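**Student:** I'll drop the sequence and a predicted model, then ask my questions.
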Amino acid sequence: FMASPPRPLQPPFPNGKCGGTLVTIPPEDTFGIDPILNSILLPPRPIQVWLPPTYDGSKEQTYPVLYCHDGQNAVEDGSSWTGSSWRLTGALTRLAERNLLHSVPIVVLLPSADGDLLPGLKRRHAEYGDTANAVAQAHADFVVQTVKPLIDAKFRTCPKSESTCAIGTSLGGQASLHLLLRHPQIFGGAACLSPAFQPATIASVVTAGSFLNQNSKDILSNKKLYLDNGGDVEEEKVPFFDVMDHLSNQHWWNPGYWWLDTQLQFGTDAMRAALDQVGAKYVYHREPGARHNERAWAQRIYRPLLHLYGK
């Protein structure tokens, strides 16, 4: 028989588990370890872990791990607040079909918090806040000190920093870089799609090594960093209305955030300047006219995955 040609390497990628397995870590295994802290700062919630289709085929193989902020939006359209996901696992499996990845990672889907921490302050905004935010610091330490040891003990992972990366969109992009800056000995890469970088996070790039008695250039020189965004450019503007953003069974009213990537451009430019100042290597991609939502990120999700795991 002739081998069937590989499926197209272009979005939209498949939705859902794509041959992998989703394992649920109950809240008592992670958030329940420090109930006093977590009842106030980090409310308990289950964490799902996606295992690649090959995971059960070989009991010896180990896997890199990708920690994914806003994990509820990354894999399943039905669990995403906009009714569209990033199609992250669909992109991973398509890239693997074409032998473009060194290894397909285990994906830890860190769900963002619901509700308000204080009136007018969403818990998600606090957990994914800048590096000076105490709740954001608690979140980063929780991932490193509680979640990662559990994942490494429960699954066949490559625990080294070069095999441990984070990914996120919008404020989740800031949270992903925060993990790397606060724990550079643990994280070797971060991908930030349409990031909402705030001043303290940008400043911390320059001072990242101060508490480790190293300079930022030494810490960031061997990290894999990916940044992108959409928004208005001279030759293409973000359309005010895109009907495709509203053809969903869930949350059809999704506004598409047509203005937000353009508004966040200053922070992205400032972050790039800070990275340039310390000599960090990174990839930056601009998607002219792209909106700030899950359907837009699904159109380019393969780019950060190739940077983090590509051959």
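**Tutor:** Looks like it came in fine.
**Student:** quick one: His251 from Pro111, how far?
**Tutor:** Per CB to CB, to the nearest Å, His251 is found 16 Å from Pro111. Heads up, the C-betas are built off the backbone N, CA and C, glycines and all.
**Student:** more neighbours, the two?
**Tutor:** Pro111 (18 against 14; other CB atoms under 10 Å).
**Student:** Pop out the phi and psi values for Thr169.
**Tutor:** phi -120, psi 150 (degrees, to the nearest 10).
**Student:** wait, it sits on Trp297?
**Tutor:** Yes - with contact defined as CB atoms under 8 Å, Thr169 counts as touching Trp297 (5.3 Å).
**Student:** partners of the helix or strand hosting Leu117, with directions?
**Tutor:** In this assignment (DSSP states H and E), Leu117 forms part of strand 116-118. As defined by DSSP bridges, the strand partners of strand 116-118 come to strand 121-122 (antiparallel).
**Student:** any residues in contact with both of Thr169 and Trp297?
**Tutor:** Here Thr169 and Trp297 have 86, 193-194 as joint contacts, going by CB atoms under 8 Å, 6 or more residues apart in numbering.
**Student:** what's the closest of the residues you listed to Asp141?
**Tutor:** Leu193 (23.8 Å; CB to CB).
**Student:** Test my guess that that closest one contacts Asp261.
**Tutor:** No - between Leu193 and Asp261 there is no contact under CB under 8 Å: 9.9 Å.
**Student:** Would you mind listing the residues touching both of these two?
**Tutor:** Common neighbours of Leu193 and Asp261 (CB under 8 Å, 6+ apart) are Asn229.
**Student:** okay, now the closest residue in space to Ala113 that isn't next to it in sequence: neighbour count?
**Tutor:** Of all residues not flanking Ala113 in the chain, Arg123 sits nearest, at 3.6 Å (CB to CB, 6 or more residues apart in numbering). Arg123 has 19 neighbouring residues, counting by other CB under 10 Å.
**Student:** State the distance from Arg123 to Leu171.
**Tutor:** Distance, Arg123 to Leu171, by CB to CB: 12 Å.
**Student:** And the helices in the stretch 51-200 of the chain?
**Tutor:** 88-97, 123-127, 134-142, 148-154, 171-182, 199-207 (DSSP state H, counting those that start in this stretch).
**Student:** Nice, that's everything, thank you.
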